Structure formats: structure tokens, C-alpha cells
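Asker: Any chance you could fold what I've pasted below:
(one chain, ligands or ions: 1)
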Amino acid sequence: MGDTALVQHARGVMGLVNGLGAPPRGGVNDAVRVSWERCVNAYQLDPARPHAPDIVDGANLKDLQTRHDELVDIARAEMDTLYDQISGSGYALLLTDAKGVILSEKVDPTLTRMFRGAGLIVGANWSEQSEGTNGIGTCIAEARPVMIHRADHFRARHIALSCSGSPIRDPQGDMIAVLDASVVGSHDTRSSQMHTMALVNTSARLIEKCLFLRRSQPFRVLRFHSRPEFVNLLHDAALALAEDGTVVAADDMAVSLLSAQSRRALVGSRFSDLFEIDDSDLRQLESARHALFPVRDRRYGRRYFLSLVPPQNSTPYISAQPLRRVAAASESVRIEPLGKPEAMTLSELAGDDPMMLRNTRSASRVANSPVPILIQGPTGSGKEAFSKALHLASERASQTFVAVNCGAIPESLIEAELFGYKGGAFTGARKEGSRGRILQASGGTLFLDEIGDMPLNLQTRLLRVLEEQEVVPLGGDTAIKVDLRVISASHRPLREMIQRGEFREDLYYRLNGITLELPALRQRGDIERLVRRFIAMETDRPVTIDGDAFACLLAYPWPGNIRELRNVVRTALAICDGDVIRREDLPSELRNGGDKPAAAAPVANNLPAAPALPTETTGASGNPLEAAERKAILQAIEQNRWNMTLTARALAMSRNTLYRKLARHGIAVGDQRGDKVSRH
Ligand SMILES: Nc1ncnc2c1ncn2[C@@H]1O[C@H](COP(=O)(O)OP(=O)(O)OP(=O)(O)O)[C@@H](O)[C@H]1O
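Answerer: Modelled structure (predicted):
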């Protein structure tokens, strides 16, 4: 190509963007014009200036390829097929990462030199920022398939190229790669390139589908289409379902066939919300492997044929963190301070996790109704935070939110704490009496945490209060009307407790208008986001978390759930040297790959909200036996994260005995004894 043509092209580009000189004859389409404007205005590129290609060095390229090995592996087979379809027409097939770095190629060996000359080399960065408008970079910028034909390119040196790029998305819908077919010096017209574009696009969809199916192996996968002959072929629609029928991932075809707005709109829904079929039918569908079932969708009553593929692989790691992106695990990440939010909203708590999204959807539906909510979930999974957010999302937001931890108040005090008492009602009672938590919560929300720890006789009293909506304080004879919204929570299996006669069935049904199950942290699909968010919330300066430390945080099984994560982050920020969190700033359990059993959960995560533990040398008596007991109690408290019921159980003593011992050893548990009152 002569120099004059290159100069003329550069002039045409600048003529169009800046109005300095004549724009190209025949003009360009909108996507190309907008891309040229980005190149000049945002990236300050010059179409005429020669530049050195941006090529990732060997070690970093290897690292990139390793991180994308699943994708590269899946794409290889499809690239071979596509190559056969267009062989002889001089194309190079390229697979890049989401930033435009070429990870692998399929090229006619006789044309390799020509492609090298054009800069199409494994490791080269073809983002718009580097190479200006092109089939890869512009596809990434536009997040859709694009064809950049000859003089559509921004840089004059690329105008011999014709490129067709199509994005590849992961099961969450995030773009992770681009498949591109490029040819040098072809005299084909733009319209004859359309055929190649269509083939590239089809291959990209097939790679996406294979990736979806591979990553969904730990789940049941529902395949469907309106035409039975299409089911279980690569063009059908697919939904990955958790064990309880919740959609954890959806592909684009499912979005299109169900007329949903996006993949996110489907994630978190129940299978039975989408189709006219019960959850129990799932098992039947599963046992009739590959059989097709006709069914209608609930929204429009359209008929589809379904087939259900059972989980292929249920190793705990994969099933626990199914579709989580771990690619970023070995990259350092810089995080800016965010400041502590006053209180988190339901949607902030849910993040991107499918189970949490389903919970917030259900909770929002009943936020303003009196329907009682029972939240089940392991300790530290955010039950109280969720209840508070629900309170704030309701019409009662301006009233009081009262949290009572039934597991942390000595049994003998629960009655007085909850129902209140008249002055002098019992020995030790305050002269002026006490209103009690129920009355304090009237008009607002009463959160009963660890409801499973409430003694049976008090369960009966609580049931009466809830049914009559009135309370009689201890030692009093008149009932006081209350207006309560009750949210209760437990990490214990209440249904099993009913069977064993430890929990009243009638109270269970009174509390359980709807039940929400909060996932353990290790089951959430958004740990990476939570880690970033906690660091951003807890830091007052920009910090970097190095790749190794990040990988440890993502790999750890988090027996203490979100509370533990928060404490680990706080401690790491406090002890890290400078502005970088490194692996050595993490507790040893995390550094060692999190392979300790849950029972030996880290004791190094001093709960910041908890009062500082006195050291064992401050024992009251100086007696070695007493000191040993004191030490054992302190350790058990820390290991059980200040949950007194669990601590008592671990020490094989009753809760009342534990409280007596705490008093004797001078161990103050302060506000950890359970009841917190906050006003909004
Ligand atoms: N999704 C979330 N995002 C950020 N922080 C959260 C989230 N969920 C909970 N937290 C924080 O994690 C900590 C533990 O949450 P919370 O006390 O609500 O858990 P819990 O399940 O009620 O615990 P327990 O069973 O011990 O009573 C709190 O500091 C809370 O603010």
C-alpha cells in the first residue's frame, strides 16, 4: 500500500473527527465514527503515527493463558471447525481475553509471516486503546459483534485488514473473550465479509454454550426450546438450577425465549416461578433423563419442551462456589476507600449471589405486610444485617428496630428482658420497673435472634403476645397493646427441634410466614465482590491487595462467614505494612489454604465489636486450676464467636452455669450478651 493512501486515510479520519480536512469519501457507519472519536478524544491516538505493537511478555502471557485454559481448551475445538469452513480464504482465527490480548490463534502456516507483519501475534494487545478501531478492540468497546473492514480501521497501517469479532460471555453474562477472524489484503467487499461475520458469531455462541454447560456441571441443567428437535442441541436454551430449583445461571437463549430483560432478571427466580410445574416434578424430570416434557411458561403460557440433566460433578469446591470467577485471584487489585455506609440496603447485602437475590426479592414483597419472617442461616451469615435492612425498607423504617439475642441472655433473665416488669416484681428488679424489649419494639420491628434458644415456657408466652398483640409485664395485671412486626432467626434446625419436642410447633408456624435461607459465605457466588467491598468500607486510604493474598481469601472455606471475613479484613488493614495487604497479613488458617476443619476456626480474629478479652494472668484467684478454667472459657468464647449457647455447649455446661463462671472469673461479655437496641 502506497504512503499516499496511508496519509489520505489518516487525513480522512481526522477530517471526520475534528472537521480538519475532508472526511472519507462515502463516510463510515455510526459504530466506526464513534470509535474513531474515542480513539482521538479519549485515547489521544494519532492515525498516522507509527507505533510499536503492545506485546505481553512471555511470563505474563503464560500466566494469562493458564488463567484462561478452560476457555482456550473449549474454543480450540470450535476454532478448528470454523477454520475448516473458511480454509483457503486466507483468514487467521484469533481468541483474545476480555482486554484484547491474543491468547491463541489458528493460522494457515504459509501465511504466518504476513500476519506477524500485521501485528496479529499471540500476546499482542488489540484493544482500541492500543490499536485504535479494529475488529477485536471495537467489539470489546461496543460489547457486540462488529465487522471492521479495511478503511474502517483507525490506524493507517491497519487498512489492509478486514476483521470480524464476536464477544464470548461467561455464564454470568460478563464478557471474557473475543473470537475474531482477520484477513490481510483481501479484495472482498464488505457484504461478502458478512458471511464470515455470521460464521464467527455462530462459533462464539457455541463456545459460550460449551462454557456454560461445563461450568454448570455441579448443577441440574434445564434445557428447553419451543421445538422438541432443538432440545439438547447447542442452540437450545439452558438454565442451571441449584438443588432447591433456584436459577443460578441462564444463557442468552433462555433470556430470549422467556422474554426476560436480562440474565440477571432470571437468576434468583425459582424454576417453578418460570414454568407451570412444581418443584417436586424436578426429581421426576431428572430420573427420566433426556426425556422431553411439554410445559408452559407462567408468564405467557407458551409451550416449551424441557429436559433435565442431573449434576455431573458435585465436588464440594465446585458445588460450593459454582460459577464464581476465580480468574482475578492472582491479580493485584487497588481499592479506593468507600467510607462506612450507615446501614446496608437489601440489595447491597444481596450483591450478585443468586440465593441472596431470591431472598431479597421475597423479602421486598412482604416488607410492608405483617407477614412474619423466619431467617435461617449459619452464624455470622448476616441474619441480623438482613433483618435491619428489611426494617429500613419497610414503612416502619422511622420507628425502632430492637434486636434481642435469645441465645445470649441467661435463661432466668429472658422473661424480664422481653416482657418487661413492674417495679419490685422480683428480687433484684429495678424500682422503676422496665418496659421490656417487646414494648420498645412496638410500632417498629422486633428481631428475635437465636429463637431456637428460647426456653419452652417462654415460647408459650411469646406465642400469646404474638397472637393477642398485647403484653402483660411481669408482676403486672393489665395487658398493654403492642403493634409488632416480628422477624426471627436461628442457625438451628427448628423443624428437627419440633420433632424432638424442643420447639413449639404452633410458635414455629406463627413466626414462619415466610422462611428465608441465608447461604454460608462459602456458598455465595460473590465472595470476590464482598472482599473488595469490605476493604473499601474499612480502609481510609487507597490500598492494594496482592494477588496471593486475594487468592487465599477466595479459597478459604469461611467457617465464621461474613463476620469472620470482615474481621480478617480489619486485622489485615491494621497490620499491613504500607498500603499493600500481603499474604503474611492474613491469619495462618488462610495462609495455609484454609484446610483446617471448621471447628478449629481462627481465634486470631478478635471480634472488634466485642470487649477485649482479659488475659489469663488476670484471673481472680491466682489458683492454677481456676486460671486454667478461665483460659479454657476464654478460648471457647473466641472459638464460638461470642455465642454463649455454642460456648456453653462446647464446654458441656448449661448456659446459666457458664454465666455464673463468667461472673466468677471477671469476664465481662458486655453488649455481646445479646440485646442491642438501635433507633433509626
Ligand atoms: N452481605 C453483607 N455485606 C456486608 N456486610 C455484611 C453482610 N451481611 C452481614 N454483614 C456484616 O457481617 C457481620 C455479621 O452479620 P450478622 O450479625 O447480621 O450475622 P448473623 O447471622 O446475625 O450472626 P449470628 O448468627 O452470630 O447472630 C455484621 O458486621 C454485618 O454488618
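
Asker: Around the ligand, pick out the residues from the chain.
Answerer: Selection of the chain residues close to the ligand by C-beta under 6 Å from any ligand atom yields 344, 349, 377, 379-385, 449, 491, 562-563, 566, 643. (C-beta placed from N, C-alpha, C; glycine too.)

Asker: 8 Å instead, please
Answerer: For the chain, the residues in contact with the ligand under the definition C-beta under 8 Å from any ligand atom are 344, 348-351, 356, 375, 377-388, 405, 407, 449-450, 489, 491, 518, 530, 533-534, 537, 561-563, 565-566, 609, 641-643.

Asker: The helix of greatest length in the chain - contacts with which helices or strands?
Answerer: In the chain, taking DSSP state H as the definition, the longest helix is helix 190-215. Here helix 190-215 is seen to pack against helix 69-86, strand 146-149, strand 161-169, strand 175-184, strand 237-241 when contacts are counted using 3 or more C-beta pairs under 8 Å, 6 or more residues apart in numbering; DSSP states H and E.

Asker: Flag the shaky bits of the stretch 351-500 of the chain, pLDDT-wise.
Answerer: Filtered on pLDDT under 70, the stretch 351-500 of the chain yields the residue ranges 425-429.

Asker: where do the helices sit along it?
Answerer: Taking DSSP state H, counting those that start in this stretch to define them, one finds helices in the stretch 351-500 of the chain at 354-366, 383-392, 411-419, 437-441, 456-468, 494-499.

Asker: residue boundaries of the helices in the stretch 201-350 of the chain?
Answerer: Secondary structure of the stretch 201-350 of the chain (DSSP H, counting those that start in this stretch): helices located at 252-257, 263-266, 271-274, 280-287, 316-320, 346-350.

Asker: before we move on, the earlier item: what does the average pLDDT come to for the longest helix of the chain?
Answerer: When pLDDT is averaged along helix 190-215, the result is 88.

Asker: buried set for that helix?
Answerer: Along helix 190-215, these residues count as buried under the neighbour rule (16 or more other C-beta atoms under 10 Å): 193, 196-197, 199-213, 215.

Asker: Stretch 53-60: how far from the chain's middle?
Answerer: Stretch 53-60 sits 32 Å away from the centroid of its parent chain (C-alpha atoms, centre = their mean, to the nearest Å).

Asker: distance between the ends of it?
Answerer: The first residue of stretch 53-60 is 16 Å away from its last residue (C-alpha to C-alpha, to the nearest Å).

Asker: Just the buried residues of that stretch, please?
Answerer: For stretch 53-60, a neighbour-count test (16+ other C-beta under 10 Å) marks Asp54, Ile55, Val56 as buried.

Asker: List just the nearest of these to the ligand.
Answerer: For the ligand, the closest of the buried residues of stretch 53-60 turns out to be Val56, at 35.3 Å, with distances computed as C-beta to the nearest ligand atom.

Asker: Ramachandran angles for that closest one?
Answerer: Note on Val56: its backbone torsions stand at phi -70, psi 140 [degrees, to the nearest 10].

Asker: Next, count neighbours for the residue in the stretch 201-350 of the chain that the ligand sits nearest to.
Answerer: Residue of the stretch 201-350 of the chain nearest the ligand, by C-beta to the nearest ligand atom: Leu349 (3.8 Å). Using other C-beta atoms under 10 Å as the criterion, Leu349 is surrounded by 21 other residues.

Asker: May I have the residues that are in contact with it?
Answerer: Contact partners of Leu349, counting by C-beta atoms under 8 Å, 6 or more residues apart in numbering, are Met356, Thr360, Gly382, Ala385, Phe386, Ala389.

Asker: ChimeraX command for the buried members of these?
Answerer: Here is the ChimeraX command that selects only those of the contacts of Leu349 that count as buried (16+ other C-beta under 10 Å):
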select :356,360,382,385,386,389
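
Asker: ok, residues contacting the host helix or strand of Gly15?
Answerer: Of the helices and strands defined by DSSP states H and E, Gly15 is found in helix 3-18. Defining contact as C-beta under 8 Å, 6+ apart, one finds that helix 3-18 is touched by 20-25, 27-28, 33, 36-37, 40-41, 46-48, 151, 154, 156-157, 159.

Asker: could I get the helices of the stretch 201-350 of the chain as TSV with mean pLDDT?
Answerer: As requested, the helices of the stretch 201-350 of the chain are arranged in TSV below (pLDDT from 0 to 100):
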stretch	mean pLDDT
helix 252-257	94
helix 263-266	86
helix 271-274	89
helix 280-287	73
helix 316-320	26
helix 346-350	88
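
Asker: Name the residue closest to the centre of the chain, please.
Answerer: The residue lying closest to the centre of the chain (C-alpha atoms, centre = their mean) is Asp526, at 2.0 Å.

Asker: From what I see, that one and Asp353 are in contact.
Answerer: Yes. Taking contacts as C-beta atoms under 8 Å, Asp526 lies within contact range of Asp353: 4.9 Å.

Asker: about what we covered before: so what angle separates the directions of the longest helix of the chain and strand 175-184?
Answerer: With axes from the mean of the first three to the mean of the last three C-alpha atoms, to 10 degrees as the basis, helix 190-215 and strand 175-184 are set at 150 degrees to each other.

Asker: from the chain's centre, how far out does helix 190-215 sit?
Answerer: Here the centre of mass of C-alpha atoms in helix 190-215, compared against the chain's by C-alpha atoms, centre = their mean, lies 28 Å away.

Asker: and if you look at stretch 635-654?
Answerer: So, by C-alpha atoms, centre = their mean, the centroid of stretch 635-654 is 31 Å from its chain's centroid.

Asker: cool, and stretch 284-301?
Answerer: Here stretch 284-301 shows a centroid-to-chain-centroid distance of 29 Å under the convention C-alpha atoms, centre = their mean.
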